[in-house]
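Participant: Predicted coordinates and the sequence they were generated for:
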Amino acid sequence: MSQASGIRGGAVHTGTRSLKMSSMKSYYDADPLVQYCVKNSLRLTDVQKRLNDVTLQHSRAAMLGAPEVLQLNSNIMQAIGAKKVLDIGVFTGASSLSAALALPPEGKVHALDISEEYTNIGKPFWEESGVADKIRLHIAPAAETLQKFVDGGEAGTFDYAFIDADKTNYDRYYELCLTLLRPGGVIAFDNTLWDGAVIDPADQTPDTVALRKLNEKLKDDQRINISFLKIGDGLSLCFKK
C-alpha cells in the first residue's frame, strides 16, 4: 500500500491509527489461529522475507500489504494464467515483487505510485529476485496512468489488478480497471474492512465513507462476481464477467 495519488487514504495516517488499522494483518495479529494459518501456508522467498523485515522498520510500516493477502493474489494470478498485472499502490514494492514472482517470464507488472522514495526501497529486492525486468514502475497519479492505458487502446488486455492505495479514489480506480481488464480478470481491493471502521456508523471520515460506499456498490454490481474476505484488513475480490 502506498501513495497512488496522495498520502494514504487522502490523509496523513500516523502512530496509533496506522497500527490499529493494520491489527488484523498477520504481522501485527497475535491471534493463534491467524498465526497457525500463516505458519502452515506462507511460502515467502528469502528475499521477500527480508523486504518485509526492512519495510516493518519503516515509519509507515502499516502500509505493508499482509503477506497472506499478497500470496492469495499470486495464487489467483497463476490460476487464471495472468501475464499482465496492475499493482496500484506500491509502497516498498512487496506487492509488485509477489506479483512478478507469480508471472511467467514474459509477464509484466505495471506498478503505479507517486513516491520514488518508497519504491526505491524495493528496487534492489526486485533485482536480487531476478524479476526487475518484469516490473514497470509508473511514477504519477494512478488515475492518470490508468487513463493513459485506456486512451492507448489497452482496454481488455489486463488480467489482474491489485488496488491498495488512497481510499477516496478506490471507486475511480475500479471503473478504470474494469475497463482495462479482460473478461475473467480479477480486481482485488485491500483494506475494505478498514479495521472495522466500515461498520461503525459514528465514523464518517472520508476514507471510511468511501470504502463503505464501494462495498455497497460492489455487492450489487452485475458486471462482476464478488467474494468479500475477512483476511488481512479485508480483501474484496471482483471477478469480471
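Facilitator: Cool, the structure landed. Residues are numbered from 1 along each chain as shown.
Participant: Over to Asn225. Which of the three states is it?
Facilitator: strand (DSSP: H, G, I helix; E, B strand; the rest coil).
Participant: what packs against the biggest strand by length in the chain?
Facilitator: Secondary structure assigned by DSSP state E gives strand 181-190 as the longest strand of the chain. Packing partners of strand 181-190 (3 or more C-beta pairs under 8 Å, 6 or more residues apart in numbering; DSSP states H and E): helix 67-79, strand 158-163, helix 170-180, strand 235-240. Where C-beta positions appear, they are placed from N, C-alpha and C, glycine not excepted.
Participant: Strand partners (parallel or antiparallel) of it?
Facilitator: strand 158-163 (parallel), strand 235-240 (antiparallel) (DSSP bridges).
Participant: what angle sits between it and helix 170-180?
Facilitator: Computed by axes from the mean of the first three to the mean of the last three C-alpha atoms, to 10 degrees, the angle separating strand 181-190 from helix 170-180 equals 150 degrees.
Participant: got the CA positions of strand 181-190 in PDB?
Facilitator: Only the C-alpha atoms of strand 181-190 are listed here, as PDB (Å, rounded to 0.1, in the frame of the first residue of the first chain):
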ATOM      1  CA  LEU A 181      -9.400  -6.000 -17.500                       C
ATOM      2  CA  ARG A 182     -10.400  -8.800 -19.800                       C
ATOM      3  CA  PRO A 183     -13.500 -10.900 -19.100                       C
ATOM      4  CA  GLY A 184     -12.400 -13.400 -16.400                       C
ATOM      5  CA  GLY A 185      -9.900 -10.900 -15.000                       C
ATOM      6  CA  VAL A 186      -9.800 -10.100 -11.300                       C
ATOM      7  CA  ILE A 187      -9.700  -6.800  -9.300                       C
ATOM      8  CA  ALA A 188      -8.600  -7.200  -5.700                       C
ATOM      9  CA  PHE A 189      -9.200  -4.400  -3.200                       C
ATOM     10  CA  ASP A 190      -7.200  -4.300   0.000                       C
END
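Participant: show me where the chain has helices.
Facilitator: Along the chain, the stretches classed as helices by DSSP state H are 15-21, 32-39, 46-55, 67-79, 94-102, 116-129, 142-151, 170-180, 206-220.
Participant: Pick the most deeply packed of the ones you listed.
Facilitator: When the helices of the chain are scored by mean count of other C-beta atoms under 10 Å, the highest mean neighbour count falls to helix 94-102 (a mean of 27).
Participant: average model confidence for it?
Facilitator: Mean per-residue pLDDT for helix 94-102: 98.
Participant: All further residue positions should be reported with the first residue as 57.
Facilitator: That works, and once the first residue is 57, the last one we named lands at helix 150-158.
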